[in-house]
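Engineer: predicted model, plus sequence, below.
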Amino acid sequence: MTATAFFSYCLAGMSIGSIYALIAIGYTMVYGILRLINFAHGDIFMMAAYFMIFAMVDHQIPWYFSMVIMIVSTVLLGVVIEKLAYKPLRNAPRMSIMISAIGVSYLLQNLATYLFSALPKQYPSIPVLNKTIALGGVSTSLVTFITPIITILFVVLLMLLIKYTKMGMAMRAVSKDFEAAQLMGIKINSVISFTFVIGCFLAAVGSMLYFTPRPSVFPLAGSLPGLKCFIAAVFGGIGSIPGAVVGGFIIGFSETFIKAAGYSEFSDVFTFVLLIVVLMFRPTGLFGENLAEKV
């Protein structure tokens, strides 16, 4: 492998790893607050792509306005799902809310099929992101180059928000002890809604970065990326934001270099094997904490 090819694969691995990290943060934040694995998160990511197509292709709205519409629509979708599907089950057994999340996932897939048809739709071309740049003798699209920068920027801002703002302190309190935080007067519903807003916002941004270099969107397009991002969150330690980022990058780089070696059919297999190995030898992940179950 030449140095130029290696650099090209590193760029691609950083790009896809950054997107996985953005989406994995949504999984890990919701789990940290609600102890819920939101299996519908990958489908929210998919719906964000359809919102962009609806605004930019179907209604010919400029890309910068379409991007705002897409992000707002995705955030609203996430908040509505939380209010209708998860909030009524907050005091129910954990299995009930997990089944609800799986049901929401299938609902979104079928809703996308009904509204947009099962046929793949072409994702709109965003001129700024598709611009080709030369970097170290490698030609790549701007989206590949800026994706890791955007991810790192959002992660830093998110960590600052959680550490230094009033809402961030409330989120940390709720993640440590849900009942005690409620007794201390923290508005649990506001904290949970805010968590879903952040997760869906990052999923919307990740959707735009993910689908821009890819040809099409279809109703099941969020299933496999969503599953990989869940594995990234588990690998890093679900509930840990830095862990989700590290897990996303590890899966992104591994997937890219396995494909580069000519074993593309095994790239997905590796991700699931990684999940099994992590659960066998370190169930809490790289940065996860051992949590005592309350009886």
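Structural biologist: Nice, I can see it. Quick caveat: nothing in here was measured; it's all calculated off a predicted structure.
Engineer: wait, what's in contact with Pro127?
Structural biologist: With contacts defined as Cβ atoms under 8 Å, 6 or more residues apart in numbering, Pro127 is in contact with Trp63. (Each C-beta comes from the backbone N, C-alpha and C, glycine too.)
Engineer: could you pull out the helices in the stretch 51-200 of the chain for me?
Structural biologist: Using DSSP state H, counting those that start in this stretch, the helices of the stretch 51-200 of the chain run over residues 63-81, 94-116, 127-130, 142-164, 166-176, 178-183, 188-211.
Engineer: which of those is buried the deepest?
Structural biologist: helix 188-211 (a mean of 23; mean count of other Cβ atoms under 10 Å).
Engineer: taking helix 142-164 as reference, get the angle to it.
Structural biologist: On the basis of axes from the mean of the first three to the mean of the last three Cα atoms, to 10 degrees, helix 188-211 is oriented at 160 degrees to helix 142-164.
Engineer: same for helix 188-211, what does it pack against?
Structural biologist: For helix 188-211, the packing partners by 3 or more Cβ pairs under 8 Å, 6 or more residues apart in numbering; DSSP states H and E come out as helix 3-34, helix 41-53, helix 63-81, helix 142-164, helix 166-176, helix 178-183.
Engineer: mean confidence (pLDDT) on the first one, please.
Structural biologist: Helix 3-34 comes out with an average pLDDT of 88.
Engineer: for it, buried residues please.
Structural biologist: Neighbour-count burial for helix 3-34 flags 8-9, 11-34 (criterion: 16 or more other Cβ atoms under 10 Å).
Engineer: re earlier: and the helices of the stretch 51-200 of the chain as JSON lines, adding mean pLDDT and distance to Ala40?
Structural biologist: Putting the helices of the stretch 51-200 of the chain into JSON lines (pLDDT from 0 to 100; distance: least, Cβ to Cβ, whole Å) gives the following:
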{"stretch": "helix 63-81", "mean pLDDT": "94", "distance to Ala40": "6"}
{"stretch": "helix 94-116", "mean pLDDT": "92", "distance to Ala40": "4"}
{"stretch": "helix 127-130", "mean pLDDT": "83", "distance to Ala40": "27"}
{"stretch": "helix 142-164", "mean pLDDT": "91", "distance to Ala40": "21"}
{"stretch": "helix 166-176", "mean pLDDT": "89", "distance to Ala40": "20"}
{"stretch": "helix 178-183", "mean pLDDT": "84", "distance to Ala40": "21"}
{"stretch": "helix 188-211", "mean pLDDT": "92", "distance to Ala40": "10"}
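Engineer: Ile238: which of those helices is closest?
Structural biologist: Shortest distance between Ile238 and these, using Cβ to Cβ, is found for helix 166-176: 11.6 Å.
Engineer: may I have that closest one as PDB, with CA atoms only?
Structural biologist: C-alpha atoms of helix 166-176 as PDB (Å, rounded to 0.1, in the frame of the first residue of the first chain):
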ATOM      1  CA  LYS A 166     -27.400  24.400  34.600                       C
ATOM      2  CA  MET A 167     -29.100  22.000  32.200                       C
ATOM      3  CA  GLY A 168     -25.800  20.000  31.900                       C
ATOM      4  CA  MET A 169     -25.600  19.700  35.700                       C
ATOM      5  CA  ALA A 170     -29.200  18.600  35.700                       C
ATOM      6  CA  MET A 171     -28.400  15.900  33.100                       C
ATOM      7  CA  ARG A 172     -25.500  14.700  35.100                       C
ATOM      8  CA  ALA A 173     -27.700  14.500  38.300                       C
ATOM      9  CA  VAL A 174     -30.400  12.600  36.500                       C
ATOM     10  CA  SER A 175     -27.900  10.100  34.900                       C
ATOM     11  CA  LYS A 176     -26.500   9.400  38.400                       C
END
